[in-house]
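Participant: Build me a model from this:
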Amino acid sequence: MLVRQLGQNFQKGSVLHAITPVWNAWLRLNMENWNSKVLIADSSPNQVEYKGRNVHDFRWEFESIELTDIGHMSEDTSPTLIPLEEYRIPLPPTDDHLRSLWERFRQRIWPEKEDPFLSDVSLTSAKHRLADLAPGPAFGNAVEIIEQGFGSWLNDSSPARWLQAIVLPPCESTGLVEAWAATRNLAVIQPPAFSERVHSSLHRQRMEAQLDELKGPCVIPRLERWFVRHHRGLDLLRMLLDRLAERKMHCVVGCNSWAWDFLVTVASLSSVFPQPWTLPPQTAVQLGNWFPAIVQGHPNKCLAFRRAQDGKDVMAQKKSGKLEHDFFHLLASSSLGIPWVAWYQWRRSLRLHPETDTTSDADRSATAGQDGHEDVIWVSEPAKAKMPDSNQNQALLVLHALLVHGPLEQKELSTVLPSVDLANVVTVLEMSRLVQRNGNAFSCRPTAYPLIRSRLLSAGIAANVV
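Facilitator: Next up, the predicted model:
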């Protein structure tokens, strides 16, 4: 009876704030007393080793209980670039941690399953309407954020530093830095081909001449495409950095975070770029403002995004202007605050009811708002990617190579990973929806990146990479 009453209080949220200090102290005390190894994973269950046994399906992110609930954080109306080391992954609301733990405990005692408002079986994909419901670009207002960060510096004729670096999370395939360069009419230096990076001695002179011809401000959007993890793969990169250091010319260098982490070690990037910048993480409020604003084809805005689980409007706001539900809080956390990851996750979650999705696009736009008509888009929990059961070590090496270098063909992967048998690994990763193919090139799926990152960090392949 006491346990049932406690569960009701958890569901109502009436004791959450009261028990938080006690809960936090209990966790800290037990974590100190246990001879444990805790692997903090942002989007997957942690493994806690307690008395020699691994306990799965628990996430002991107890530090988040002490932090400010993301739903009550103040919003910066004009976000700008931040130092790379200041990036913090958004945490879900504190009460979500407690309710999640309670739900797992309840399921062990009373395993009955609550029926959702609408089951996923009854819904269909909204793929044919995504161009209107969630059009690109996938990076939102990031171009404006970069301009605000580098605009004044570009206008300075004698800056303290001529070189600036912007480090972005991986899986950005639509050309964010190039898009910003186009607004400024800046010269974009294209990277050498993969074969040129491997056989750099044959192409070094031509690349040097190309760089020497530059006269004005320029942008190198993807530094990860200037090297290869190969015994001859850093020559062109070192030549590029030497040439840039010699010139008194504004230059912005873009690089993905995994390549940056690798190059800081092997190429001493921190001496050339002592202060790298990055985009600020997307918060729940920013996501909740972004996705409704980009919807097209509904001039009267009579469009509702409702959770398939309970029928509630995920866009609903309280009188104070705060989000009424936790959906976007959880999306900000599960996407690690990365705009393109959140965008792809949002698109994958959109569903339609086949019985109500029979109206043509033209008729739907014309009738929106008439006679109380509401066009309902259902938001469900998309199927989560899973690591393959076999060859996990080889799979992690392949995923790490794709994050460091960006898209690679299979023969290029063989150059980077000569000791890995790629015959089946890449195929299994593609079937597991961790990797996608574009032509002959493979790359990590944005929606799977949080899981991939978690597994790589847990394996010790890298640490604290966004």
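Participant: The nearest residue to F194 once chain neighbours are set aside: how many residues sit nearby?
Facilitator: The shortest distance from F194 to any non-neighbouring residue, by CB to CB, 6 or more residues apart in numbering, is to E412 (5.2 Å). In short, each C-beta sits where N, CA and C put it, glycine included. Each residue near E412 was counted by other CB atoms under 10 Å, and the total is 20.
Participant: quick one, strands of the stretch 251-400 of the chain?
Facilitator: Under the criterion DSSP state E, counting those that start in this stretch, strands of the stretch 251-400 of the chain are mapped to 251-256, 277-278, 303-307, 350-352, 375-379.
Participant: Quick one: these as TSV, columns for distance to L130, mean neighbour count and mean pLDDT too.
Facilitator: Listed next are the strands of the stretch 251-400 of the chain as TSV, based on distance: least, CB to CB, whole Å; neighbours: other CB atoms under 10 Å; pLDDT from 0 to 100:
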stretch	distance to L130	mean neighbour count	mean pLDDT
strand 251-256	25	24	96
strand 277-278	28	20	97
strand 303-307	13	19	87
strand 350-352	7	20	88
strand 375-379	10	21	87
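Participant: Out of these, which gets nearest to G321?
Facilitator: With CB to CB as the criterion, G321 lies closest to strand 303-307 of the strands of the stretch 251-400 of the chain, at 17.9 Å.
Participant: From the rest of the structure, what touches the closest one?
Facilitator: 117, 291-292, 295, 312-315, 325, 327, 350, 368, 374-380 (CB atoms under 8 Å, 6 or more residues apart in numbering).
Participant: Out of the strands of the stretch 251-400 of the chain, the one nearest N440 is which?
Facilitator: Closest to N440 of the strands of the stretch 251-400 of the chain is strand 251-256 (CB to CB; 20.6 Å).
Participant: and that closest one, how far out from the chain's middle?
Facilitator: Remark: strand 251-256 is offset 19 Å from the chain centroid, using CA atoms, centre = their mean, to the nearest Å.
Participant: Can you list the strands that that strand pairs with?
Facilitator: Within its sheet, strand 251-256 is paired with strand 163-168 (parallel), strand 218-220 (parallel), according to DSSP bridges.
Participant: Got the domain ranges for the chain?
Facilitator: As given by automatic domain parsing, the domain ranges for the chain are 2-109, 120-135+289-379, 142-278, 392-458.
Participant: Mind putting these into JSON lines with distance to V465?
Facilitator: Formatted as JSON lines, the domains of the chain follow (distance: least, CB to CB, whole Å):
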{"stretch": "domain 2-109", "distance to V465": "10"}
{"stretch": "domain 120-135+289-379", "distance to V465": "11"}
{"stretch": "domain 142-278", "distance to V465": "5"}
{"stretch": "domain 392-458", "distance to V465": "7"}
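Participant: Would you identify the least confidently predicted of these, using mean pLDDT?
Facilitator: When mean pLDDT is averaged over each of the domains of the chain, domain 2-109 scores lowest at a mean of 50.
Participant: Could I get the contacting residues of E196?
Facilitator: E196 neighbours (CB under 8 Å, 6+ apart): 202-203, 207, 236.
Participant: host element of it?
Facilitator: Taking DSSP states H and E as the definition, E196 sits inside helix 194-198.
Participant: Run through who's touching the helix or strand just after that helix.
Facilitator: Next along the chain after helix 194-198, taking DSSP H and E as the criterion, comes helix 204-212. Helix 204-212 is contacted from outside by 189, 192, 196, 235-236, 239-240, 243-244, using CB under 8 Å, 6+ apart.
Participant: same question, stretch 259-279
Facilitator: Outside stretch 259-279, the residues touching it (CB under 8 Å, 6+ apart) are 81-84, 87, 142, 145-146, 149, 163-168, 223-224, 227, 229, 234, 237-238, 241, 244-245, 253, 255, 257, 339, 403-406, 462, 465-466.
Participant: does S443 have beta-bridge partners, and which?
Facilitator: In this entry, S443 is beta-bridged to Q436, by DSSP bridges.
Participant: hang on, the earlier thing: go ahead and confirm the residue nearest to F194 touches A193.
Facilitator: No: between E412 and A193 there is no contact, the gap being 10.2 Å when judged by CB atoms under 8 Å.
Participant: which residues are in contact with both of those two?
Facilitator: What both E412 and A193 touch, as defined by CB under 8 Å, 6+ apart, is an empty set.
Participant: quick one on the thing from earlier: and what about the residue nearest to F194, helix, strand or coil?
Facilitator: helix (DSSP: H, G, I helix; E, B strand; the rest coil).
Participant: start the count at 43, not 1, going forward
Facilitator: Sure, I'll start counting at 43 from here, so that last one is E454.
Participant: mind checking how far it is from V270?
Facilitator: Going from E454 to V270 by CB to CB, to the nearest Å gives 8 Å.
Participant: got any residues that touch both of the two?
Facilitator: 236, 447.
Participant: Okay, helices next: where are they in the stretch 93-242 of the chain?
Facilitator: Using DSSP state H, counting those that start in this stretch, the helices of the stretch 93-242 of the chain run over residues 136-151, 172-175, 184-197, 218-226, 236-240.
Participant: scratch that, the stretch 243-392 of the chain
Facilitator: Assigned by DSSP H, counting those that start in this stretch, the stretch 243-392 of the chain shows helices spanning 246-254, 277-288, 299-308, 311-314, 326-335, 369-376, 381-391.
Participant: now swap in the stretch 393-508 of the chain and tell me
Facilitator: 403-409, 434-447, 452-458, 464-473, 491-500.
Participant: leaving aside the residues next to it on the chain, what's closest to R267?
Facilitator: Nearest residue to R267, sequence neighbours excluded (CB to CB, 6+ apart): P233, at 3.4 Å.
Participant: doesn't W268 make contact with the one you found?
Facilitator: Yes: contact criterion CB under 8 Å: P233 and W268 qualify, at 5.4 Å.
Participant: what's near enough to touch W388?
Facilitator: 176, 329, 333, 373.
Participant: Out of those, which is nearest to P460?
Facilitator: When these are compared against P460 (criterion: CB to CB), the nearest one is L373, at 39.5 Å.
Participant: I'd like to know how far that closest one sits from V477.
Facilitator: For L373, the distance to V477 - CB to CB - is 23 Å.
Participant: same question, L394
Facilitator: For L394 relative to V477 (CB to CB), the value is 28 Å.
Participant: go on, V306?
Facilitator: 26 Å.
Participant: count of residues packed around W195?
Facilitator: W195 has 14 neighbours, counted by other CB under 10 Å.
Participant: Equivalent analysis for E366, please.
Facilitator: 16.
Participant: And the one 5 residues further on, by the same measure?
Facilitator: A count of nearby residues for H371, using other CB under 10 Å, gives 23.
Participant: do the one 3 residues further on as well
Facilitator: For A374, the number of neighbouring residues by other CB under 10 Å comes to 26.
Participant: which residues does the closest residue to it other than its chain neighbours contact?
Facilitator: Nearest in space to A374, with sequence neighbours left out and distances taken as CB to CB, 6+ apart, is P132 at 4.2 Å. By CB under 8 Å, 6+ apart, the contact list for P132 reads 112, 323-326, 371, 374-375, 378-379.
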